[in-house]
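Engineer: give the three-dimensional model of this entry:
(one chain, ligands or ions: 2)
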Amino acid sequence: MPDPTPPRLQRVTVLGATGSIGMSTLDVLARHPDRFEAFALTAQVQVERLFELCLRFSPRFAVLVDSAAASDLRQRLKAAGSATEVLAGAGALVEVAAHPDTDAVMAAIVGAAGLAPALAAARAGKRVLLANKEALVLSGRLFMQAVAASGAQLLPIDSEHNAVFQALPQGYTRDPQRCGVRRILLTASGGPFRERSLESLANVTPDEACAHPNWVMGRKISVDSATMMNKGLEVIEAHWLFAVPPEAIEVVVHPQSVIHSMVEYADGSVLAQLGNPDMRTPIAHALAYPERIDAGVRPLDLFEIGRLNFERPDFVRFPCLALAYDALREGGAAAAVLNAANEEAVAAFLDRRVGFTRIPDIIAATLERACDLSVDCIEAILDADARAREIARSEILARQTTP
Ligand code: NDP
Ligand code: MG
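Structural biologist: Ligands and ions are numbered 1, 2, ... in the order given. Next up is the predicted model:
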């Protein structure tokens, strides 16, 4: 008897392949060549790293948003005898995300720039592995409608949401009451400044803000963790993913980052997902779902950890968390404005144009000035994003420290 034909490899597009999540995703793919193959790898400008990844994973497509970088990559791959086809521009991200030959799309571009290709993957009915939380913050309602309309399978990569997904009943119908779900408890490490004196926060440097105690991540999300805006964005993300109202989403500071989040049920049960803080766990979970595969993650040693601590979040130290809850409650364009202002303020902080404690001020001032924007279709959302950025830039200029 001839062997049965082996199952076809899952063809994975990795948006943001050169980033922290992208590289972790490729690490998991490389451990399972019998299950997965890289279909398309994308980046913004990093030619060198994408070139190496193309030689290693031989994707059908490589995309660079920057056209000069794309020409450079094309020449280098040609000289190296690679068959990978290089595409350029933001439109090519959408093309590979929705390509009929791709099965799964890892959405790991940072910021609002990741929205269009993630939404294209959702509309095309792909298995969407969503790391790019900003996409849901900007367009939660539309994004979830696109998933429902196309039958796409949406799997959260953010460790907290992946944990919640794992702690919810299989086939959760996004109806918390019917499923007996009382609350979602999102854990937060508290970032590098949980215990630092409030007065010294004004002078922290970008490198200090990016030195996260438990996770190694890209610079933007690292600053978001230091301001706790990351948790604020995650509250909004949880609201859209799991259809839970803001008052039923509680943030619990848990400095060890071992419990990745919890679901509390009507009968008093609280289900948690634990593990070492390593993004390859949620990535492998989502790639293989509903199966389980090796992720290369060190087993959890509870004896080594010894204890797990919990604290209430400090809304005075972390005003960004309160701003995010308020934006979610307000609805309309508020979350999109919050996100845009945050991206601009964080970029200005990373460029040393404004101090760390100016970040929440800039966001609050932008929210006040951009209250009447509309977000009823994707074009309106992108317009609101652009308008909020303009306002945020003027607020940044007003606070800019002269070099
Ligand atoms: P990185 O900064 O490490 O990587 C970002 C990736 O996106 C890079 O490949 C970068 O390309 C690409 N990129 C940046 N800007 C653009 C653009 N305008 N157009 C197209 N591509 C672009 O980010 P992370 O991997 O840390 O984060 C990615 C997303 O995942 C974020 O939304 C973050 O919030 C989320 N996330 C990350 C976690 C983590 O542990 N890192 C945990 C949970 C969520 P290039 O290299 O060329 O600049
Ligand atoms: Mg997270």
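Engineer: interface residues of the stretch 151-300 of the chain facing ligand 1?
Structural biologist: Contact residues (Cβ under 6 Å from any ligand atom) of the stretch 151-300 of the chain with ligand 1: D158, W215, M217, G218, K220, I221, M279. C-beta: built from backbone N, CA, C; applies to glycine.
Engineer: tell me which residues touch the first one, please.
Structural biologist: Contact analysis of D158 by Cβ atoms under 8 Å, 6 or more residues apart in numbering lists L130, A131, K133, E234, E237, P282.
Engineer: before we move on, what about the fourth one?
Structural biologist: Contacts for G218 (Cβ under 8 Å, 6+ apart) come out as G19, S20, I21, V110.
Engineer: possible to save those residues as a markdown table with neighbour count?
Structural biologist: Listed next are those as a markdown table, based on neighbours: other Cβ atoms under 10 Å:
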| residue | neighbour count |
| --- | --- |
| G19 | 23 |
| S20 | 19 |
| I21 | 28 |
| V110 | 22 |
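Engineer: and the residue of this structure closest to ligand 2?
Structural biologist: When you check the chain against ligand 2 by Cβ to the ion, the closest residue turns out to be D158, at 4.2 Å.
Engineer: and the pLDDT at that residue?
Structural biologist: D158 is assigned 98 on the pLDDT scale.
Engineer: how close does A80 get to ligand 1?
Structural biologist: 19 Å (Cβ to the nearest ligand atom, to the nearest Å).
Engineer: can you tell me the number of residues neighbouring that residue?
Structural biologist: 11 (other Cβ atoms under 10 Å).
Engineer: got the domain ranges for the chain?
Structural biologist: 10-156, 158-313, 331-403 (automatic domain parsing).
Engineer: average pLDDT across the last one?
Structural biologist: Averaged over domain 331-403, pLDDT sits at 94.
Engineer: what about the strands in this structure?
Structural biologist: Counting by DSSP state E, the chain has strands at residues 10-15, 36-43, 61-64, 85-88, 104-107, 127-130, 153-156, 181-188, 249-253, 259-265, 270-274.
Engineer: ranking the ones you listed by burial, who's on top?
Structural biologist: strand 104-107 (a mean of 29; mean count of other Cβ atoms under 10 Å).
Engineer: got the buried residues for stretch 379-393?
Structural biologist: Buried residues in stretch 379-393, counted by 16 or more other Cβ atoms under 10 Å: A380, I381, L382, D383, A384, D385, R387, A388, R389, I391, A392, R393.
Engineer: ok, for V354, nearest residue in space, not its chain neighbours?
Structural biologist: A348 (4.7 Å; Cβ to Cβ, 6 or more residues apart in numbering).
Engineer: residues near that neighbour, how many?
Structural biologist: What A348 shows, counting by other Cβ under 10 Å, is a neighbour count of 23.
Engineer: wait, isn't it in contact with S394?
Structural biologist: No: contact criterion Cβ atoms under 8 Å: A348 and S394 do not qualify, at 11.8 Å.
Engineer: returning to that earlier point: and the residue nearest to V354, what does it touch?
Structural biologist: Per Cβ under 8 Å, 6+ apart, neighbours of A348: V354, I362, I396, Q400.
Engineer: tell me the contacts of the last one?
Structural biologist: By that I understand Q400. A348, R353, V354 are the contacts of Q400 under Cβ under 8 Å, 6+ apart.
Engineer: ok, which of those residues also contact ligand 1?
Structural biologist: Counting by Cβ under 6 Å from any ligand atom, no member of these reaches ligand 1.
Engineer: turn those residues into a markdown table, including distance to ligand 2.
Structural biologist: Converted to a markdown table, these look like this (distance: Cβ to the ion, whole Å):
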| residue | distance to ligand 2 |
| --- | --- |
| A348 | 23 |
| R353 | 27 |
| V354 | 25 |
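Engineer: distance to S189 added to those, as TSV?
Structural biologist: Shown next, in TSV, are the contacts of Q400 (distance: Cβ to Cβ, whole Å):
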residue	distance to S189
A348	24
R353	27
V354	24
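Engineer: tell me the one among those nearest to ligand 1.
Structural biologist: A348 (16.3 Å; Cβ to the nearest ligand atom).
Engineer: any idea how far that closest one lies from D175?
Structural biologist: According to Cβ to Cβ, to the nearest Å, A348 and D175 sit 41 Å apart.
Engineer: cool, E250 as well?
Structural biologist: With Cβ to Cβ as the criterion, E250 and D175 are 20 Å apart.
Engineer: low-confidence ranges, the protein, go.
Structural biologist: The chain contains residues with pLDDT under 70 at 1-4, 6, 402-403.
Engineer: which bits of it sit near ligand 2?
Structural biologist: D158, S159, E160 (Cβ under 5 Å from the ion).
Engineer: tell me where the stretch 201-350 of the chain has helices.
Structural biologist: Secondary structure of the stretch 201-350 of the chain (DSSP state H, counting those that start in this stretch): helices at 206-210, 219-227, 229-242, 280-288, 302-305, 319-330, 334-350.
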